[in-house]
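J.: The sequence and its predicted three-dimensional model are supplied below.
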Amino acid sequence: MRARGAPEARGISSNWLGRAAPYAGALAFILLTPTFIAAPLGAVRAEPAVADSHSRRLMAAPSAVAPEFTLPDLSGTPLSLEAQRGHVVLVHFFATWCEPCREELGSLSRLAQGPLRHRVAVVAVSVAEVPVRVRRFLDSAPVAFPVVLDSDRAVTRAWGVGTLPTTFVLDAALRPKLFVAGSLDWARTDLQSALDAVGAAPPSEPSANPPTGRNR
Amino acid sequence: MTTTVNRRDVLRAGGALAAASALPTGAFAETRFEPTPGAWRRFETVTRLEIATPGGAMQAWVPLPAFAAPDWFRPGGSTWKTSSGTAEVKRDAKYGAEFLHVVWADGDAAPSVEVTSRFATRDRAVDLSKPGSTPDLSAEERRLYTSATDLLPVTGIVKETSDKITAGATGDLDKARRIYEWIVDNTHRDPKTRGCGIGDIASMLRSGNLGGKCADLNALYVGLARAAGLPARDIYGLRVAPSSFGYKSLGAGSENVTKAQHCRAEVFLTGFGWVPVDPADVRKVVLEEPPGNLPTDDPKVAAARKALFGAWEANWLAYNAAHDLVLPGAKGPKVDFLMYPQAETAEGRLDCLDPDTFRYIITARAVAA
C-alpha cells in the first residue's frame, strides 16, 4: 500500500535522473516528509509513509553532494568513504535496536555477495550504538560488508538522516543518485536494475567544488 | 412453599466468593489510580557491578539517586565498597547529577563495586484547580529547562508540531495538558510506518513511529513543552516497588530492579511549580496491563490517564535530570542521559543495556525509618 501522494517511479534511467534530479529530489523530500492534518482539539498526527520493503521505491537523492567521512570499523580501523570510489556504493544507516533494520541487513548482505558484487559496495553505518552491542549482534547474524560506527551521530546528521534504516546509492564518483528512507528487499529485480543503471551512467566531469564534510 | 437449593448454585456462589476474596487489595474492583501525598516511604537500593572481562584501564560511573525535591524526594546518601582502586562521588555542574566514579587498579582480576543508596519518597498530586503562589523559576533555570539538547531540538518539526497541538490554548496549563493528551492519543503502533528515528525527538516525529520501542514518549513531551515555551524536564530513574493500585505495568515486580529503569517528566507551570506528567506510562498501561493491548477507553487506562497528568506514585527513585553528560575520564562518547551504570575497559564502553554480560544487578527494598 502506498501513502497518499507518493510519486510513481517507472524505472530509472541515468539520463532522466540527470535532468530531473533537482526537481524530483525536492518533490520527493516534500512528499516524504510527514504531513499534518490540523483538526480541533489536537487531533494532529504524522501521516505514515509507504508500507513495506516490497513496495517502497528508491527516490532521487535529495542532495548532489555526499559529505566525506572516515569512521572506525568494529576493529577500530578507520574506513573512509573515499576509499570506495570506483564502485556504486550503498551507504546504509541502521541501528540494531531498529526492527526493520535488522531484517534488511540480511537482504543487503545477499546483495553484496550476489551477481552485482564486483560493481556494488555496501558500507553500513551504525548510528549511536555501543560497539560491543553491534559486535554481538553481528556475531549472531554476520554480514558481508564493512560496518562503521557513528557514535555521536555527526555523520548521520551531516547526511540529513532522520529515519532508520536509510540507504543512499552513490555512483562510482561518489555522487548521491538515489535514496530511500525505510527498508527495502534488495532481492527485487527493479532495485537491481536501478543499481545497474547507476553503475552504467557515464562518469561526470570533476566538480569545481569537491564535496567537503567532516572527517573523523 | 419450600425453596429448593440447587447444589450447582451453591457451588457457583461459593466459587465466586472464593475468587473475590482472593483478589489482592487495590485490584480493579474500582479501577482506582489516585496517588495522594501521604506518609514518606523509605527504600534502599544496592547496585552490584562486576567487570566480566577485565583488562587494561577499567572504570565505571554509577548513577546515584541524588535528585532533591523537598516535597517528594529526599536523598539519604550512598555508601560503597570496591575491589580495588578509587571511588569518588562526582557531580555534574550543569544539572547537579551525581554519580560514583570508580577507577580500578589495572591488574585487578575481579573488579567489582557495590553501591548502597537510601532515599525517601512519597506520592505526588498537584491540585490543578487551584493555582497557588509557589515561587517562580529563576531566569537561569527557565533558560536551562526551555533550551534544546542534543536529542531534544525545540525548533523545526518539533516547534511546528507543538504549535499545532497548542493552537488556541487558553494558557500554559491548557498547553501542557494538550501536549499530554496528544501524546497519549498518538502512540498506537502503526505497522505501516517505515522505520525508527535516530534517537532524537525530531526524527521520531518525522518517522511517524511513536508506537515503537525506540519512541521515548516522555522525552517527546519535554521537547514539545519546551518548544511551547514551557519549562520541562525528564527525570531519569528506576522503579523500586509495585504499584499500590494493583497496576502490574506500573511497578517493579520483584526486588530485582535491574531492568526497571524508567524516565518520568515534569512541566513547570506558574502558580503550581513543577507538575509531574507521565504520558509514557499511560501507553505502558495500554500495551502491557493484563490482558495487554487495552483500548484507550478501558477503565484501567482512563484512570491512569486522568491521574498521570499532575500526579504519580512513590514507587520510583529519581537519579537526575541530566542530558548530554560527559563522563569524566571516559574514552568513549558522552551519554545522552545517565540512567544505567556505565563502564569502560581496554575493549571500550560496555553495553549498559545488557546487564547480564556487563555485568550488574540492582535490587531495591523498603526499609523502616
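T.: Cool, the structure landed.

J.: Pretty sure A:Arg57 sits against A:Val180.
T.: Yes. Using CB atoms under 8 Å, A:Arg57 is in contact with A:Val180, at 7.2 Å. C-beta here means a position set from N, CA and C on the backbone, and glycine is covered the same way.

J.: Of these two, which one has the most company?
T.: A:Val180 (24 against 20; other CB atoms under 10 Å in any protein chain shown).

J.: Please give the element, helix or strand, for the more buried one.
T.: strand A:176-181 (DSSP states H and E).

J.: Using PDB, list the CA coordinates for the helix or strand following that strand.
T.: Elements were assigned by DSSP H and E; along the chain past strand A:176-181, the next helix or strand is helix A:189-200. Taking Å, rounded to 0.1, in the frame of the first residue of the first chain, the C-alpha atoms of helix A:189-200 are listed here in PDB:
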ATOM      1  CA  THR A 189      14.700  -7.100  -9.700                       C
ATOM      2  CA  ASP A 190      13.600  -3.500 -10.100                       C
ATOM      3  CA  LEU A 191      16.200  -2.400  -7.500                       C
ATOM      4  CA  GLN A 192      18.900  -4.500  -9.000                       C
ATOM      5  CA  SER A 193      18.100  -2.800 -12.400                       C
ATOM      6  CA  ALA A 194      18.300   0.600 -10.700                       C
ATOM      7  CA  LEU A 195      21.700  -0.200  -9.300                       C
ATOM      8  CA  ASP A 196      22.800  -1.400 -12.700                       C
ATOM      9  CA  ALA A 197      21.700   1.900 -14.200                       C
ATOM     10  CA  VAL A 198      23.600   3.900 -11.700                       C
ATOM     11  CA  GLY A 199      26.700   1.900 -12.400                       C
ATOM     12  CA  ALA A 200      26.300   2.200 -16.200                       C
END
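
J.: any residues touching helix A:189-200, and which ones?
T.: Here helix A:189-200 makes contact (CB atoms under 8 Å, 6 or more residues apart in numbering or on different chains) with A:11-14, A:58, A:88, A:90, A:111, A:115-116, A:119-120, A:169, A:171-172, A:177-178, A:184-186.

J.: for stretch A:182-196, what is the average pLDDT?
T.: Stretch A:182-196 shows an average pLDDT of 93 in the prediction.

J.: what about it, start to end distance?
T.: 21 Å (CA to CA, to the nearest Å).

J.: Buried residues, that stretch. List them.
T.: A:Gly182, A:Ser183, A:Leu184, A:Asp185, A:Trp186, A:Leu191, A:Gln192, A:Ala194, A:Leu195 (16 or more other CB atoms under 10 Å in any protein chain shown).

J.: again with stretch B:218-238
T.: Here stretch B:218-238 shows B:218-228, B:230-238 as buried, counting by 16+ other CB under 10 Å.

J.: close to chain A, is that stretch?
T.: No. Stretch B:218-238 does not reach chain A (CB under 8 Å from any CB of the partner chain); its nearest approach is 10.8 Å.

J.: would you put the C-alpha positions of that stretch in CSV?
T.: Provided in CSV are the C-alpha atoms of stretch B:218-238 (Å, rounded to 0.1, in the frame of the first residue of the first chain):
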residue,chain,number,x,y,z
ASN,B,218,8.4,11.4,27.9
ALA,B,219,11.4,13.0,26.1
LEU,B,220,8.9,13.9,23.3
TYR,B,221,6.7,15.5,26.0
VAL,B,222,9.6,17.6,27.3
GLY,B,223,10.6,18.7,23.8
LEU,B,224,7.1,19.7,22.7
ALA,B,225,6.6,21.6,26.0
ARG,B,226,9.9,23.4,25.7
ALA,B,227,9.1,24.3,22.2
ALA,B,228,5.8,25.8,23.5
GLY,B,229,7.8,27.9,25.9
LEU,B,230,7.0,25.8,29.0
PRO,B,231,10.0,24.8,31.2
ALA,B,232,10.0,21.0,31.3
ARG,B,233,12.5,18.2,32.1
ASP,B,234,13.0,14.5,32.0
ILE,B,235,13.8,12.8,35.4
TYR,B,236,15.8,9.6,34.9
GLY,B,237,15.1,7.0,37.5
LEU,B,238,14.2,3.4,38.4
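
J.: now it: how far from the chain's centre is it?
T.: How far stretch B:218-238 lies from its chain's middle: 12 Å, per CA atoms, centre = their mean, to the nearest Å.

J.: what do you get for stretch B:252-270?
T.: Centroid separation between stretch B:252-270 and its chain, computed with CA atoms, centre = their mean, is 2 Å.

J.: Quick check: end-to-end length of that stretch?
T.: 33 Å.

J.: and that stretch, is it in reach of chain A?
T.: No. Stretch B:252-270 stays clear of chain A (CB under 8 Å from any CB), getting no nearer than 14.7 Å.

J.: One more: stretch B:298-318?
T.: No. Using CB under 8 Å from any CB, stretch B:298-318 never reaches chain A; the gap is at least 13.7 Å.

J.: Could you give me the buried positions within that stretch?
T.: For stretch B:298-318, by 16+ other CB under 10 Å, it's B:298, B:300-305, B:307-318.
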